[in-house]
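**Q** Mind folding the following:
(4 chains)
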There are 2 protein chains.
Amino acid sequence: MARQSFDEREVEQRRAEILEAAMTLFEAGGQEAVSFRKVAAVLGCSYAAPYRYFPGKEALLTAMRAQAFRWMEREMLAAIDPAQPPRQRLRTLAEAFIRAGIERPQRYALMFFRLTEPESGPRSMELAAAKRDALDVCTRTVAAAQAAGDLKLSVDPLTASHLFWVGAHGLVSLEVAGQFVMGRSVEELVPQMVRTLMQGLEEQSAIVARRAAP
Amino acid sequence: MARQSFDEREVEQRRAEILEAAMTLFEAGGQEAVSFRKVAAVLGCSYAAPYRYFPGKEALLTAMRAQAFRWMEREMLAAIDPAQPPRQRLRTLAEAFIRAGIERPQRYALMFFRLTEPESGPRSMELAAAKRDALDVCTRTVAAAQAAGDLKLSVDPLTASHLFWVGAHGLVSLEVAGQFVMGRSVEELVPQMVRTLMQGLEEQSAIVARRAAP
DNA sequence: AGTATTAAATTAATACTGTCAACTTTATCC
DNA sequence: GGATAAAGTTGACAGTATTAATTTAATACT
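**A** Purely as a prediction, here's the structure:
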């Protein structure tokens, strides 16, 4: 028999090279700067070669999205400071997410600004995993705060972390899409959102207690 | 001298026809189903004719966005029931926004899923106005609730309405982008988000009072 | 009425894009 | 060395946005 395929390592290596080239183009000029032809030009191969490794542009974008979610996860993990009290840690985490998104609007848009289409294939698996892992950082932090007794939630931790996620995403996505032009900056809104969510999620008795004995 | 231009009415009429054709295509197949060539085909003119009325695709999309915001404003206004107490009215408004967005994901994406680029030209003015008017519905409802003494805010009404807007948008945009695949539906999250925001935005003394004497 | 003027519309052309099919190269196994 | 099959290349098709050159047609003035 003849050679049947690259070593799995080689294939994965080539895929990574293509992905890297695509990411380079993306960082330089956003989503519309990425095309199979430009990617091929960067790699010095012909424009149809990448099709051997990604069945279409959507697959390439899916891989790029997964990478972006991994990046976001790292950003969040890097922001966690174990020295901080759990409550404060959650606040820091939210701020890190928001800052990261605002500083890299293109990447954020890649991750979140798209319509759902039926996902399938190995690339989508990886994307789903990356997404889950990023959200897990948030969920764990909420759970830790609750376990430490620093945060008394009126809902379960998973719901609470989802609501934090939703709030943070609302802020970033509106900012990135330029919907705050009404003379108001996100900077003012971020701490207010975080405070509002914390206060709104806490057991009301906890608030009373906190006010009575700070 | 010869004819210098269409009557302004005629020009605006033609523009409206083009916009309508574009919207028809959009409703049928989303953003990628809209092209100058298809619009022209629908209108029965040549593919470059629309350029007389919209300088480029971005201008056409801007006009479409304004229309979408006007639609959202109508949806919200239609949901307002003066018979309801102001507090409940706000809840209803949030739910109407969220429902509308989820039912028309393409339209919602058109409105919110895009990166900021320097806007200019008359079309952008109209878009900004439509956006402002839609948000104003929210702001007015919050202000009315506060004026009626039904809602005691710990922040100014404009900030409060912005936070409601952010929360609602967070929910819709994540849902529309298919980010809730982790086995949780928006339906559960919507009321929780609304309750959390309301509770978090209220004066803490008001909560205590509400608990003491419901 | 006839003609000059000029906006509106059309056509041709450029430069891209994603994707597929046919073809060539090339590395490995027997 | 020759067979084999994967990897890569090339050509082609059907789109896209956009611009420039050109044609059409309607008006205003002589």
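**Q** When you work out contacts or count neighbours from here on, use the C-alpha atoms and nothing else.
**A** OK.
**Q** How is chain A divided into domains?
**A** A:1-54, A:61-212 (automatic domain parsing).
**Q** Within range of DNA strand C, give me the residues from chain A.
**A** A:1-3, A:33-38, A:47-48, A:55-58 (CA under 7 Å from any atom of the strand).
**Q** right, and residue A:102 touches residue A:174 too?
**A** No: between residue A:102 and residue A:174 there is no contact under CA atoms under 8 Å: 9.9 Å.
**Q** The two: which is more packed in?
**A** residue A:174 (24 against 19; other CA atoms under 10 Å in any protein chain shown).
**Q** where are the low-confidence patches of chain A?
**A** A:1-6, A:181-183, A:205-214 (pLDDT under 70).
**Q** 50 - rerun?
**A** Applying pLDDT under 50 to chain A picks out residues A:1-2.
**Q** residues in chain A within reach of chain B, list them.
**A** Contact residues, chain A versus chain B (CA under 8 Å from any CA of the partner chain): A:105-106, A:109, A:112-116, A:132, A:159, A:163, A:166-171, A:173-174, A:176-179, A:182, A:189, A:193, A:195-201, A:204, A:207-208.
**Q** To residue B:87, which of the domains of chain A lies closest?
**A** domain A:61-212 (16.0 Å; CA to CA).
**Q** for the helix or strand residue A:20 falls within, packing partners?
**A** Assessed by DSSP states H and E, residue A:20 sits inside helix A:8-29. Judged by 3 or more CA pairs under 8 Å, 6 or more residues apart in numbering or on different chains; DSSP states H and E, the packing partners of helix A:8-29 are helix A:36-43, helix A:57-79.
**Q** Compute the inter-axis angle for the helix or strand following the last one and helix A:57-79.
**A** Translated: helix A:57-79. Scanning forward in sequence from helix A:57-79 by DSSP H and E, the next helix or strand is helix A:86-103. Here helix A:86-103 runs at an angle of 140 degrees relative to helix A:57-79 (axes from the mean of the first three to the mean of the last three CA atoms, to 10 degrees).
**Q** Give the buried residues for helix A:86-103.
**A** Neighbour counts over helix A:86-103 (16 or more other CA atoms under 10 Å in any protein chain shown) mark A:86-87, A:89-102 as buried.
**Q** how much space between residue A:191 and residue B:163?
**A** 11 Å (CA to CA, to the nearest Å).
**Q** The two: which has the busier surroundings?
**A** A count of neighbours by other CA under 10 Å puts residue B:163 above the other of residue A:191 and residue B:163, at 24 against 14.
**Q** ok, and the closest non-adjacent residue to residue A:98?
**A** If the residues on either side of it in the chain are set aside, residue A:98 comes closest to residue A:172, at 5.8 Å by CA to CA, 6 or more residues apart in numbering or on different chains.
**Q** Report the secondary structure state of that neighbour.
**A** helix (DSSP: H, G, I helix; E, B strand; the rest coil).
**Q** And for it, the neighbour number?
**A** 26.
**Q** Tell me which of the domains of chain A lies nearest to residue B:150.
**A** Among the domains of chain A, domain A:61-212 sits nearest to residue B:150 (CA to CA), with 17.5 Å.
**Q** Nearest spatial neighbour of residue A:60, chain-adjacent residues omitted?
**A** residue A:54 (5.9 Å).
**Q** The one you found belongs to a helix?
**A** No: Residue A:54: not assigned to a helix; according to three-state DSSP it is coil.
**Q** thought it was touching residue A:62?
**A** No: here residue A:54 does not reach residue A:62: they are 9.9 Å apart, not a contact under CA under 8 Å.
**Q** what about these two, which has more around it?
**A** With neighbours defined as other CA under 10 Å, residue A:54 and residue A:62 compare such that residue A:62 has more, 22 against 19.
**Q** part of a helix, is residue A:149?
**A** No: read with three-state DSSP, residue A:149 is coil and lies in no helix.
**Q** Pop out the phi and psi values for it.
**A** Dihedral pair for residue A:149: phi 80, psi 10, per degrees, to the nearest 10.
**Q** what about it, neighbour count?
**A** Using other CA under 10 Å: residue A:149 sits among 12 other residues.
**Q** For it, give me its contacts.
**A** Contacts of residue A:149 were listed using CA atoms under 8 Å, 6 or more residues apart in numbering or on different chains, and none were found.
**Q** try residue A:66
**A** A:111, A:126-128, A:130-131.
**Q** Report the two of the residues you listed separated the most.
**A** A:111 and A:126 (13.4 Å).
**Q** Among the two, which residue is more densely surrounded?
**A** Set side by side, residue A:111 and residue A:126 show more neighbours around residue A:111, with 23 against 16, by other CA under 10 Å.
**Q** so that one, which of the three states?
**A** Looking at residue A:111 with three-state DSSP, the answer is helix.
**Q** For it, which non-adjacent residue is spatially closest?
**A** Nearest one to residue A:111, counting by CA to CA, 6+ apart, is residue A:65 at 5.4 Å.
**Q** From DNA strand C, how far out is the one you found?
**A** 15 Å (CA to the nearest atom of the strand, to the nearest Å).
**Q** go on, residue A:17?
**A** From residue A:17 over to DNA strand C (counting by CA to the nearest atom of the strand), the distance is 17 Å.
**Q** Not counting sequence-adjacent ones, nearest residue to that residue?
**A** residue A:43 is the one closest to residue A:17 (CA to CA, 6+ apart), at 7.9 Å.
**Q** That neighbour contacts residue A:21, correct?
**A** Yes: between residue A:43 and residue A:21 there is a contact under CA under 8 Å: 7.0 Å.
**Q** Stretch A:8-28 near DNA strand D at all?
**A** Yes: interface with DNA strand D: stretch A:8-28 contributes residue A:11 (CA under 7 Å from any atom of the strand).
**Q** Residue A:198 reaches residue B:200, doesn't it?
**A** Yes: Residue A:198 is within contact range of residue B:200, at 7.2 Å (criterion: CA under 8 Å).
**Q** What is the neighbour count of the closest residue to residue A:59 other than its chain neighbours?
**A** With CA to CA, 6+ apart as the criterion, residue A:59 has its nearest non-adjacent residue at 6.6 Å, and that residue is residue A:123. By other CA under 10 Å, 20 other residues sit near residue A:123.
**Q** That'll do, ta.
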